[in-house]
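Visitor: Generate a structure from the sequence data that follows.
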Amino acid sequence: MSTTRRSFLAATGVALGALGLAACTPQQQDDQQPADTSTDSSEQQVDPSEFKDLELNDSSWQYDTDNDCYYQLGLKYCLKPASEKYESLAIFVPGAYFDAEKSGDAYKCTPKKDGVVGSLNPASAPAVMPINSVRLSAQACPEAYGYAGLERYLSAGMVYVYAGFRGRSAGIESGSKEMYPGGAPWPVVDLKAAVRYLRYNAGKLPFNPDRIISFGYGMGGGASAALGALGDSDLYAKYLTAIGAATHDAEGDTLSDRVYGSATWCPLTSFDTQDAAYEWMMGQFASTDTRADGTWTKLLSTHLAAAYGDYVNTMDLRGDGGEALTLNAVNDGTYLDGSYYEYVLSVITNAASDFFNSTSFPYTYTPSQLGDPCFPGDPNLVADSAEAADAATTEEGTTSSNQGSQQGEGSSSSQPQEQNGVSSVNSTVYDSIDSYLNSLNSGNRWITYSSGRGAARISSLWDFVTHCRPASRSVCAFDMIDLSSSINQLFGIGEESTLHFDQTVSDLLKDHQDEYAKIVGFDKALPDAWEADLQKIDAEEASMADRVSAMNPLYTLSGHYDGYGKAAVAPYWRINSGLAQTNAAICGELNLALALKQYDGVQSVAYQPVWGCGFELAERSGDAQDNLVAWILSCCPQVENAGADESADPSDEDSDGSAS
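Guide: Numbering: from 1, shown residues only. Just a heads-up that it's a prediction; the model follows:
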């Protein structure tokens with residue numbers, strides 16, 4: 001096996017991350033930003049008062065006496081915001097963490113060192129940041145206060161920070177005709193600026209500034225993953241400068257934008273390979289619509305699936321035992337064999353086994369799909385109706401699969417439900433394991449379960465996809481040929497609101513255009529138009545390739561990419577996903593988990609694919625947010641004082657029982 005960038009750098013890497021954060025495995029280069037958050041201010045020659053306007057006013061706290069919560073809204077977190085509506089944040093603090101005195105209509109608050117809430121105190125409390133948008137729509141800073149939903153976080157001793165950010169497309173500020181930039185990587189840029197703001201004001205806030213944890217779902221989950229993997233990455237430097245994000249504190253010490261943990265549900269990320277991954281896992285097993293025989297897009301689907309196999313074989317992905325995960329071609333040339341294929345199938349099979357071992361029958365299956373919002377903090381947001389959720393997610397491919405919803409011996413009922421931004425309809429009840437299996441095996445017998453062994457068996461990836469996760473999106477599932485997806489919006493620039501971004505598709509169009517041109521329906525202008533989009537630069541003179549990399553956590557986690565090791569990576573990760581979702585392949589989240597487990601300094605990766613769930617806050621059991629809180633607490637051991645050593649891994653096992 002040839003030496004890869006990853007294996008070479010891993011062999012030479014010695015750099016260690018500071019304060020429990022993941023190390024940059026390769027040695028630091030002379031021009032690379034250090035992972036440490038602080039440097040000698042005398043060497044920096046910076047103005048300590050440069051960001052004084054970002055100083056938190058500790059006499060402006062409001063107090064909710066009924067719920068013992070101090071809060072401030074509308075805190076601008078950068079000096080030159082493109083939109084104050086979005087580039088501001090709100091902070092919610094447990095009352096026990098502050099010593100407060102009345103100051104006019106507000107309160108002057110100082111951190112109370114001996115304050116205790118649950119198992120935490122101000123020295124150990126994390127700041128938690130929700131990314132409350134499934135499709136990375138702009139998230140406004142709350143303009144009103146509401147305590148609903150905050151109790152589970154504050155009563156556990158966490159400081160809750162609701163940061164606004166610009167979304168997947170540009171916008172116009174109210175009262176202005178000027179368009180402000182949006183799209184990649186601005187949502188993550190804004191969130192990084194918010195992280196720096198919190199650290200700038202750490203002395204006035206009762207939390208541990210090294211413990212900032214982000215969480216999100218869908219495209220918001222992808223943004224959380226980018227925050228977790230791309231801490232202090234140079235890819236963001238000019239963007240952060242453009243908005244006046246704090247670079248150093250009042251002492252002149254460098255501020256970091258790294259985070260301590262990242263939690264995601266059904267993350268949409270790694271857009272450089274999502275189109276190819278979708279065809280490898282799902283598209284190549286379909287034969288209708290854009291994948292019908294005789295269409296040029298069917299041929300493109302085949303080429304994309306093969307391109308994904310080539311990609312996997314350059315990634316140096318490793319299994320739990322350190323074994324190389326690769327794909328091999330079968331007789332017809334498709335990559336449907338090899339250790340990577342077997343690993344993917346084993347992940348799905350293990351999830352099925354867990355489901356059968358833990359589910360009580362009769363079992364009710366209710367297809368669900370995400371809408372906004374799922375998390376608390378902004379009382380002006382109202383959970384979408386089922387119809388609105390459908391409208392918001394259909395384009396993203398969240399049409400429910402038939403996993404567990406085929407009739408078989410089950411009985412169907414219409415039970416509309418809506419909670420935490422999730423719409424649910426058309427429940428199906430299964431009286432027994434046999435009735436459930438009969439439903440899944442309608443047409444052919446592909447899944448079995450042995451109660452004696454406590455294990456399921458699945459015959460092939462093809463069978464699983466055909467019955468449970470059929471392709472619902474067209475060929476070029478994310479970089480759509482007609483530029484109609486929200487990801488095309490994410491990579492738009494200014495007035496050009498949607499652009500192509502997938503280099504793999506562009507290369508295939510160029511290399512195979514003569515083949516495609518022989519088939520009815522192919523636009524001969526498409527290869528040049530696609531390539532032209534990839535050459536466009538944004539207002540900060542960043543290339544399309546750099547913008548795609550800035551939204552890709554694997555860019556710093558895998559030796560396949562030039563950014564490997566050039567960032568501070570969060571040590572704690574939680575990745576959950578529903579196996580019945582059809583909006584993306586399993587590959588993105590699975591590859592992320594694999595890369596994290598092999599990355600030096602990452603202490604815990606709880607990856608949990610969930611059988612019987614779709615594009616939702618998928619959990620094997622319990623409430624998603626309660627499980628999130630338990631996981632955060634497991635990552636945040638008590639610290640007696642700010643100088644205590646907190647580098648030790650608090651536990652060998654995650655709170656939900658997932659192996660680290």
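Visitor: need the helices for the stretch 351-500 of the chain, in chain order.
Guide: Applying DSSP state H, counting those that start in this stretch to the stretch 351-500 of the chain gives helices spanning 386-393, 433-440, 461-468, 486-490.
Visitor: pretty sure L534 contacts M544?
Guide: Yes: assessed by C-beta atoms under 8 Å, L534 is found in contact with M544 at 4.9 Å. C-beta coordinates here come from the backbone N, C-alpha and C atoms, glycine included.
Visitor: and for the two, which residues touch both?
Guide: F501 (C-beta atoms under 8 Å, 6 or more residues apart in numbering).
Visitor: For the residue nearest to A250 when sequence neighbours are not counted, the count of nearby residues, please.
Guide: Nearest residue to A250, sequence neighbours excluded (C-beta to C-beta, 6 or more residues apart in numbering): P48, at 5.3 Å. Neighbours of P48 under the rule other C-beta atoms under 10 Å: 14.
Visitor: Check the one 3 residues further on too.
Guide: Other residues within reach of F51 by the criterion other C-beta under 10 Å amount to 23.
Visitor: Likewise for G578?
Guide: Around G578 there are 29 residues (other C-beta under 10 Å).
Visitor: if I look at it, how far off is L628?
Guide: G578 sits 16 Å away from L628, going by C-beta to C-beta, to the nearest Å.
Visitor: Ok, D354 next?
Guide: 19 Å.
Visitor: These two: which is more packed in?
Guide: When D354 and L628 are compared for neighbours, L628 comes out ahead with 25 against 19, by other C-beta under 10 Å.
Visitor: so where does the more buried one fall, helix or strand?
Guide: Element membership for L628, per DSSP states H and E: helix 624-635.
Visitor: averaged over its residues, what pLDDT does that helix have?
Guide: Mean pLDDT, computed over helix 624-635, is 98.
Visitor: Over to stretch 183-200?
Guide: Here the average pLDDT along stretch 183-200 is 99.
Visitor: sorry, back to before: so which of the helices of the stretch 351-500 of the chain is nearest E178?
Guide: When those are compared by C-beta to C-beta, helix 486-490 sits nearest E178, at 19.4 Å.
Visitor: now could you export just the CA positions of that closest one as CSV?
Guide: Extracted C-alpha coordinates of helix 486-490, given in CSV (Å, rounded to 0.1, in the frame of the first residue of the first chain):
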residue,chain,number,x,y,z
SER,A,486,-30.3,25.1,-1.2
ILE,A,487,-26.6,24.0,-1.5
ASN,A,488,-26.4,25.8,-4.8
GLN,A,489,-27.6,28.9,-2.8
LEU,A,490,-25.0,28.2,-0.2
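Visitor: quick one: low-confidence ranges for the stretch 501-650 of the chain?
Guide: Low-confidence segments of the stretch 501-650 of the chain (pLDDT under 70): 640-650.
Visitor: Now with 90, please.
Guide: 638-650 (pLDDT under 90).
Visitor: Which stretches in it count as strands?
Guide: Secondary structure of the stretch 501-650 of the chain by DSSP state E, counting those that start in this stretch: the strands cover 572-578, 604-610.
Visitor: Endpoints of stretch 549-561, how far apart?
Guide: End-to-end distance of stretch 549-561 (C-alpha to C-alpha, to the nearest Å): 9 Å.
Visitor: How far away from the center of its chain is it?
Guide: From the chain centre to the centre of stretch 549-561 is a distance of 14 Å (C-alpha atoms, centre = their mean, to the nearest Å).
Visitor: List the buried residues for it?
Guide: Of all the residues in stretch 549-561, those buried under the rule 16 or more other C-beta atoms under 10 Å are 549-561.
Visitor: ok, now which residue in the chain is the farthest from the centroid?
Guide: Residue distances from the centre of the chain (C-alpha atoms, centre = their mean) peak at G104, which lies 42.1 Å from the mean C-alpha position.
Visitor: Tell me which residues touch it, please.
Guide: Applying C-beta under 8 Å, 6+ apart, the residues contacting G104 are S59.
Visitor: Distance check, it against T504.
Guide: Separation of G104 from T504 (C-beta to C-beta) stands at 60 Å.
Visitor: rewinding a little: and of the helices of the stretch 351-500 of the chain, who's closest to Q598?
Guide: Nearest of these to Q598, taken as C-beta to C-beta: helix 461-468 at 23.3 Å.
Visitor: my read: A595 touches T556, true?
Guide: No: A595 is not in contact with T556 according to C-beta under 8 Å; the separation is 9.3 Å.
Visitor: intersection of neighbour lists for those two?
Guide: Counting by C-beta under 8 Å, 6+ apart, nothing touches both A595 and T556.
Visitor: and the chain, what are its domains?
Guide: As assigned by the TED database, the chain contains the domains 52-270+558-635, 273-366+430-552.
Visitor: Mind putting these into TSV with distance to P373?
Guide: Listed next are these as TSV, based on distance: least, C-beta to C-beta, whole Å:
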stretch	distance to P373
domain 52-270+558-635	5
domain 273-366+430-552	17
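Visitor: Just name the most buried of the ones you listed.
Guide: Among those, domain 52-270+558-635 has the highest mean neighbour count (mean count of other C-beta atoms under 10 Å), at a mean of 22.
Visitor: Quote the end-to-end distance of that one.
Guide: With C-alpha to C-alpha applied, domain 52-270+558-635 spans 33 Å between its terminal residues.
Visitor: and it, how far out from the chain's middle?
Guide: Distance of domain 52-270+558-635 from the chain centroid (C-alpha atoms, centre = their mean) equals 12 Å.
Visitor: Could you tell me the phi and psi values at D253?
Guide: D253 adopts backbone torsions of phi -80, psi 140, taken as degrees, to the nearest 10.
Visitor: Does K113 belong to a helix, a strand or coil?
Guide: Secondary structure, DSSP: H, G, I helix; E, B strand; the rest coil: K113 is coil.
Visitor: And the closest residue to R211 other than its chain neighbours, how close does it get to F215?
Guide: Nearest residue to R211 in three dimensions, chain neighbours excluded: P126, at 3.8 Å (C-beta to C-beta, 6+ apart). According to C-beta to C-beta, P126 and F215 sit 11 Å apart.
Visitor: what does M315 give?
Guide: 26 Å.
Visitor: ok, now W296?
Guide: Going from W296 to F215 by C-beta to C-beta gives 41 Å.
Visitor: would you turn the helices of the stretch 351-500 of the chain into JSON lines with distance to A229?
Guide: Shown next, in JSON lines, are the helices of the stretch 351-500 of the chain (distance: least, C-beta to C-beta, whole Å):
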{"stretch": "helix 386-393", "distance to A229": "25"}
{"stretch": "helix 433-440", "distance to A229": "36"}
{"stretch": "helix 461-468", "distance to A229": "27"}
{"stretch": "helix 486-490", "distance to A229": "17"}
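Visitor: Those helices: which one's closest to Y71?
Guide: Closest to Y71 of the helices of the stretch 351-500 of the chain is helix 386-393 (C-beta to C-beta; 28.7 Å).
Visitor: For the stretch 201-350 of the chain, which segments count as strands?
Guide: For the stretch 201-350 of the chain, the strands defined by DSSP E, counting those that start in this stretch occupy 212-217, 261-265.
Visitor: Which residue, neighbours along the chain excluded, lies closest to V189?
Guide: Distances taken as C-beta to C-beta, 6+ apart place Y239 nearest to V189, at 4.3 Å, with adjacent residues excluded.
Visitor: All good on my end, thank you.
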